[in-house]
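> A structural model of the following input is requested.
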Amino acid sequence: MTRVVFACSHQCFTFCLVFTVLFHYSNQIIFLRTIEAVGFPYYKLLMSLGDCKENILYFERKVWSPLRLNRVFDIYYKSDDSDITVSRVELRVISNDTCIQAFSKNGVGSPEFSATLFLPTNLATTFTTLTIFTCSKKTIENSTKIKEFNLLPFYMKPVTTDDESDSEEKSDPQIKKK
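So this is what the prediction gives:
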């Protein structure tokens, strides 16, 4: 008789645990996840939330060493000015696994943004890039122009703009001016 009670209590505990986890994450906004590139054994994932991206509020690039444990990253951004709101968040991840999820409790549209990124176990070297955008009408004083990079495994090539192509012609004597 004690075995039956133990089995029932174990199943009830498992059900309660799963229900609690699902209820906790059901109130959160899930990032849109797309696979941008595949280069065996790596995948380039874009996880985005929001639509408009005019000015960059925050940019960060990290390389994480291999680890056998799960990783949980908490992302938090708060603007000093309440008129500047977060309109889009892009998180690019290059890893050897696609079982990556990101959740946000409040989403975009306010000066404060928070999210949580869950990475699976047994990841090889992982590359992450976080970009937070705004579309606020107020001008940003310390806005810097950040180059976008094609993030393929172990290969990064900057994308040139019109301003940079003019400066390259001036610095390279082999390029003839027309």
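
> who does Tyr42 bridge with?
Beta-bridge partners recorded for Tyr42 (DSSP bridges): Gly39.

> kindly apply the preceding question to Ile75 instead.
Residues in beta-bridge contact with Ile75 (DSSP bridges): Ala115.

> quick check, pLDDT for it.
Listed pLDDT for Ile75 reads 94.

> and the gap between it and Val38?
25 Å (C-beta to C-beta, to the nearest Å). No exception for glycine: its C-beta is placed from N, CA and C like everyone else's.

> of the two, which one has the most company?
Ile75 (17 against 10; other C-beta atoms under 10 Å).

> could you pull out the strands for this structure?
According to DSSP state E, the chain carries its strands in the segments 29-30, 32-39, 42-50, 55-64, 71-78, 88-95, 101-104, 112-119, 126-134, 149-152, 155-158.

> low-confidence stretches in this structure?
For the chain, the stretches with pLDDT under 70 are 1-27, 139-178.

> break it into its domains for me.
Per automatic domain parsing, the structural domains of the chain span 1-27, 31-145.

> single out the most deeply packed of those domains.
domain 31-145 (a mean of 15; mean count of other C-beta atoms under 10 Å).

> so Ile94 makes contact with Thr126?
Yes - the pair Ile94 / Thr126 is scored as a contact, 6.8 Å apart, by C-beta atoms under 8 Å.

> give the contact list for the closest residue in space to Asp97 that isn't next to it in sequence.
Spatial nearest neighbour of Asp97, excluding adjacent residues (C-beta to C-beta, 6 or more residues apart in numbering): Pro120 at 5.1 Å. Taking C-beta atoms under 8 Å, 6 or more residues apart in numbering, we find Pro120 in contact with Asn70, Asp97, Cys99, Ile100.

> likewise for Ser95?
So Ser95 contacts Tyr42, Tyr43, Leu45, Leu119, Leu123, Ala124, Thr126, Phe127 (C-beta under 8 Å, 6+ apart).

> do the same with Thr85
Neighbours of Thr85 in contact, by C-beta under 8 Å, 6+ apart: Ser79, Val108, Gly109, Ser110, Pro111, Thr134, Cys135, Ser136.
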